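Visitor: Structure here, sequence nowhere to be found:
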């Protein structure tokens, strides 16, 4: 009897996933708990373990296929060579509107051409007419391999021998998501930038004094980032225009501040979320941050962990970066880029002294936030950082 391998539901909001890679081929033996395939959602890539030990008798959903939650994607059998009664075709997905289908699956709203998102992307870049490509996927859907085969068949001349040599690395699901979001951030928002320099002496002092307390109550190490996220949230509470989203119907003003925390993994950049950070104590914030980092490094973050942020903080200070700008994490209206703390000569009471200085750069959507409003927020942010006790007032 065949054992179904299904598309799992990871998080409350997931409805479908895209198969990115099968770790086993048909006929291979698979141990229970061994990684069998990898899929992606709009937010993250997920490794899926084999539910039982057995031979992979049939792959029902190939790479680049979009599969609804709960749908079988493969079949396992206990005995090698055991026959399974399948056609290899994926059942039809529930009916969708033309607009939704085009947005979610890369299906053209007109013309009836069915193609995976990767196939459509390659065709666009290489100038291939998908109407000339024969699809090998279920229902005649065009896969990336079909487009590549068409490219090889239609090549008129060989690549010159003097062409630069290199190594092509196929885009991972996460890298494709990052590329899409970053391009949209640049083309769909009116990004504008504003930088301030902050005397970080008091924030460093506060971290040093509070670290033992947080360590005792939360069992984690307090970081400058923890303090910055709390301070930024307090400044946003004074300037709620920063905590908004642009919509076609108007500007959406959000009640709670859900802090996105830009985090770099080997696979790429992700933005997990600390929910309702204003309502959390400093110890709770530090603990949430530590848990997010641990889950990220272990590859255990779910789509729900990266959903719903209203403002994002991105820090590269630990790498010695002095100043940078960050792309807005849509659909948010602003993101704060934090540089390293540097001993810098500054004028104080007409005397040149050495002070620890940090540069903060706000990227904001000028469709939503005017320059004066952004400046007021940055002024409050500087005041809170240079006198952290003010966030208690």
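Guide: Good, I have the coordinates. Since the model is a prediction, treat every value here as computed from it, not as a measurement.
Visitor: Tell me the bridge partners for the residue nearest the centre of the chain.
Guide: Most central in the chain under C-alpha atoms, centre = their mean is residue 270, positioned 3.9 Å from the mean C-alpha point. Going by DSSP bridges, residue 270 is paired in beta bridges with residue 263.
Visitor: My read is that it contacts residue 263, right?
Guide: Yes - applying C-beta atoms under 8 Å as the test, residue 270 and residue 263 come out as touching, 5.4 Å apart. (Each C-beta comes from the backbone N, C-alpha and C, glycine too.)
Visitor: Need the overlap of contacts for the two.
Guide: Common neighbours of residue 270 and residue 263, counting by C-beta atoms under 8 Å, 6 or more residues apart in numbering, are residue 296.
Visitor: What is the neighbour count of the nearest residue to residue 327 once chain neighbours are set aside?
Guide: Closest residue to residue 327 apart from its sequence neighbours, by C-beta to C-beta, 6 or more residues apart in numbering: residue 185 at 4.2 Å. Here the number of neighbours of residue 185 (other C-beta atoms under 10 Å) works out to 20.
Visitor: contacting residues around the helix or strand residue 185 falls within?
Guide: Under the criterion of DSSP states H and E, residue 185 resides in helix 173-187. For helix 173-187, the surrounding residues in contact (C-beta under 8 Å, 6+ apart) are 18, 20, 38-40, 42-45, 117-118, 121, 171, 191, 267-270, 327-330.
Visitor: Among those, the buried ones, what's the PyMOL command?
Guide: Only the buried entries of these go into this PyMOL selection, using 16 or more other C-beta atoms under 10 Å:
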select buried, resi 18+20+38+39+40+42+43+44+45+117+118+121+191+269+270+327+328+329+330
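Visitor: Go through the contacts of helix 173-187 and flag which are in strands.
Guide: If you go by DSSP state E, the contacts of helix 173-187 have 18, 20, 38, 39, 40, 45, 191, 268, 269, 270 in strands.
Visitor: Select, from the residues you listed, the two members most distant in space.
Guide: 38 and 191 (32.8 Å; C-beta to C-beta).
Visitor: just to revisit the earlier point, could you measure the residue nearest to the centre of the chain against residue 244, distance?
Guide: From residue 270 over to residue 244 the distance is 23 Å, taken as C-beta to C-beta, to the nearest Å.
Visitor: what's the answer for residue 122, then?
Guide: For residue 122, the distance to residue 244 (C-beta to C-beta) stands at 37 Å.
Visitor: Also residue 134?
Guide: Residue 134 sits 48 Å away from residue 244, going by C-beta to C-beta.
Visitor: ok, now residue 338?
Guide: As judged by C-beta to C-beta, residue 338 and residue 244 stand 21 Å apart.
Visitor: Residue 234 too?
Guide: Residue 234 sits 17 Å away from residue 244, going by C-beta to C-beta.
Visitor: contacting residues around residue 128?
Guide: Residue 128 neighbours (C-beta under 8 Å, 6+ apart): 122, 147, 150, 151, 154.
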